[in-house]
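J.: sequence-free structure coming up:
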């Protein structure tokens, strides 16, 4: 690799993204109620255990068959194309919601162990000076979870913060704790 | 802050309150003055300078834990970020294209019937990755206050005039050379409630995607020579002067258009990339059959 440019630093999303970043059907990767669709929801908590009302999340995931989709149309959804990306601001009670699918397992990289399927998440909030990345793993495939390189590098308590709960309606619940007891594992890729 | 009814709150779900409940803040937090905050900011800056002299690596990103920015106190992780190699989906970015963004969305001065008030400007530059390669065909979103420092946001209580001809939202898709270009109005400084007499330097919020989701960034662009820089706890969350300078656009007369608008240049460098040849081979045909 040749000389690396120094990256531009981040700044907080601030409090006033609400008229700019959200857009129609931003959190509907597919139409609610359509076949295979699930609700992904959760609450974002601060270090005092309070739900925070001004966070905005993005999810980015493979489709149900594990394909990494490279299709445009996330901002103007046509109702048919699954783009794999969505954006959802939390409401006043700190709850975010997405309509999406369970991500399928992606094709393993040659020479690497098969990774358990996960949804990649970026979290932005007033008071958060840079975005945080985490992963939402599905709870079911315990063997794939046991073999996952990231999960197996974490102690059990921290590991559990990355695994969603399966709801009775088939959906997923994944709470995010920015600080303190049960603090979610956030990732650094650099 | 005026009282709001529950009905208003419910109809306003996407809009965060200007001052959400913050039990950690003293009720009389407004008694904290700029001098108090500047003392904290300077103490952190001095400690950083000493660390640099002792051989510490320069910091290139904002600190997640930066107490002078009061809202960060309960919102920063206390455990170290967990280092991991990006995998599968993280090595790709969502795709955006001209289906998503209309060409006119890059001009913030033509979104209403009349001309907005203020100083018309052009902000242009390139989005590059860490190897210096252009980030082509990717989404850039911006938002900002109007010329008087007022956001079109229901909870913005700043008693400065709303401009009926200015919303302050723009989008574009980068060109093949990573270029972007917006026509807008120079935003005003904006007062906020971090402490008494707190003012944000004029800034434009930028949201950027790279070729990998790990490169996702939201940041703010500033204007050269702003006297509020040393006083602003958000700008100062980046403790390194060289790193802070990377957020300041340059006045560029070659971008200025005669009898029309002043030009500012600001290039943005994303982190990474991290994707390797092996992973390209593994995923290359997974669905990139469009654009």
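T.: Alright, I've got the coordinates. It should be emphasised that the depicted structure is a prediction, and the values quoted were computed from it without experimental measurement. Numbering: from 1, shown residues only, chains lettered A, B, ... in the order given.
J.: give me the below-cutoff pLDDT ranges for the chain.
T.: All of this refers to chain A. A:1-2, A:109, A:111-114 (pLDDT under 70).
J.: oops, wrong one, chain B.
T.: Using pLDDT under 70, chain B drops low at B:1-30, B:276-291.
J.: please see if whichever strand in it runs longest touches chain A.
T.: As assigned by DSSP state E, the longest strand anywhere in chain B is strand B:120-128. Yes: judged by Cβ under 8 Å from any Cβ of the partner chain, strand B:120-128 comes into contact with chain A at residue B:128. Quick note: C-beta positions are derived from backbone N, CA and C, even for glycine.
J.: show me what that strand is packed up against.
T.: Other elements packing on strand B:120-128 under the criterion 3 or more Cβ pairs under 8 Å, 6 or more residues apart in numbering or on different chains; DSSP states H and E are strand B:179-185, strand B:262-265, strand B:268-269.
J.: hey, what's the most centrally placed residue in chain A bridged with?
T.: The residue lying closest to the centre of chain A (Cα atoms, centre = their mean) is residue A:121, at 2.7 Å. Counting by DSSP bridges, residue A:121 forms beta bridges with residue A:59, residue A:134.
J.: which residues touch it?
T.: Counting by Cβ atoms under 8 Å, 6 or more residues apart in numbering or on different chains, residue A:121 touches A:57, A:58, A:59, A:60, A:133, A:134, A:135, A:136, A:176.
J.: around the third one, how many other residues sit close by?
T.: Looking back up the chat, that one is residue A:59. Neighbours of residue A:59 under the rule other Cβ atoms under 10 Å in any protein chain shown: 25.
J.: just to check, it is in contact with residue A:98?
T.: Yes: between residue A:59 and residue A:98 there is a contact at 5.8 Å, judged by Cβ atoms under 8 Å.
J.: hey, what's in contact with both of these two?
T.: Joint contacts of residue A:59 and residue A:98 (Cβ under 8 Å, 6+ apart) are A:29, A:40, A:86, A:88.
J.: just the buried ones from the residues you listed?
T.: A:29, A:40, A:86, A:88 (16 or more other Cβ atoms under 10 Å in any protein chain shown).
J.: just checking, what packs against the longest helix seen in chain B?
T.: Counting by DSSP state H, the longest helix found in chain B is helix B:34-53. For helix B:34-53, not one helix or strand is in contact under the criterion 3+ Cβ pairs under 8 Å, 6+ apart.
J.: turn the shared contacts of residue A:59 and residue A:98 into a markdown table, columns for secondary structure and distance to chain B.
T.: Shown next, in a markdown table, are the shared contacts of residue A:59 and residue A:98 (DSSP: H, G, I helix; E, B strand; the rest coil; distance: Cβ to the nearest Cβ, whole Å):
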| residue | secondary structure | distance to chain B |
| --- | --- | --- |
| A:29 | coil | 11 |
| A:40 | strand | 15 |
| A:86 | strand | 9 |
| A:88 | strand | 9 |
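J.: let me know the closest of those residues to residue A:169.
T.: Comparing the shared contacts of residue A:59 and residue A:98 against residue A:169 with Cβ to Cβ places residue A:40 closest, at 11.6 Å.
J.: end to end on stretch B:124-141, go ahead and measure it.
T.: Criterion Cα to Cα, to the nearest Å; first-to-last residue distance in stretch B:124-141 is 13 Å.
J.: could you give me the buried positions within it?
T.: Buried-residue list, stretch B:124-141, by 16+ other Cβ under 10 Å: B:124-130, B:134-135, B:137-141.
J.: for these, which one is nearest chain A?
T.: Using Cβ to the nearest Cβ, residue B:130 comes nearest to chain A of these, at 4.9 Å.
J.: neighbours of residue B:54, how many?
T.: 7.
J.: quick one: residue B:142 is in a strand?
T.: Yes: judged by DSSP: H, G, I helix; E, B strand; the rest coil, residue B:142 forms part of a strand.
J.: which parts of chain A are helices?
T.: Using DSSP H, helices in chain A cover A:142-147, A:156-159.
J.: same check, this time on the stretch 1-150 of chain B
T.: Ranges of helices within the stretch 1-150 of chain B are B:6-10, B:34-53, based on DSSP state H, counting those that start in this stretch.
J.: would you turn those into CSV with mean neighbour count?
T.: Putting the helices of the stretch 1-150 of chain B into CSV (neighbours: other Cβ atoms under 10 Å in any protein chain shown) gives the following:
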stretch, mean neighbour count
helix B:6-10, 10
helix B:34-53, 14
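J.: quick one, which of those is nearest to residue B:213?
T.: Among the helices of the stretch 1-150 of chain B, helix B:34-53 sits nearest to residue B:213 (Cβ to Cβ), with 30.3 Å.
J.: returning to what we had before: identify the residues contacting the longest strand of chain B?
T.: A:5, B:109, B:134-135, B:138, B:140, B:142, B:174, B:177-186, B:204, B:208, B:210, B:221, B:249, B:252, B:255-257, B:260-270.
J.: rerun at 7 Å
T.: Contacts to strand B:120-128, defined as Cβ atoms under 7 Å, 6 or more residues apart in numbering or on different chains, come from residues A:5, B:109, B:134-135, B:138, B:140, B:174, B:177-186, B:204, B:208, B:249, B:255, B:257, B:260-270.
J.: what do you get for stretch B:106-117?
T.: B:104, B:120, B:146-147, B:163-168, B:170-172, B:181-185.
J.: only the buried subset of those, as a ChimeraX command please.
T.: Selection of buried members from the contacts of stretch B:106-117 for ChimeraX, criterion 16+ other Cβ under 10 Å:
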select /B:120,146,147,163,165,166,167,168,170,171,172,181,182,183,184,185
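J.: what about the nearest residue to residue A:181 once chain neighbours are set aside, neighbour count?
T.: Residue nearest to residue A:181 in three dimensions, not counting chain neighbours: residue A:49, with 8.0 Å by Cβ to Cβ, 6 or more residues apart in numbering or on different chains. Per other Cβ under 10 Å, the neighbour tally for residue A:49 reads 13.
J.: residue A:49 and residue A:182: what is the separation?
T.: 9 Å (Cβ to Cβ, to the nearest Å).
J.: the stretch 151-291 of chain B: helices as residue ranges?
T.: Under DSSP H, counting those that start in this stretch, the stretch 151-291 of chain B gives helices at B:241-245, B:277-283.
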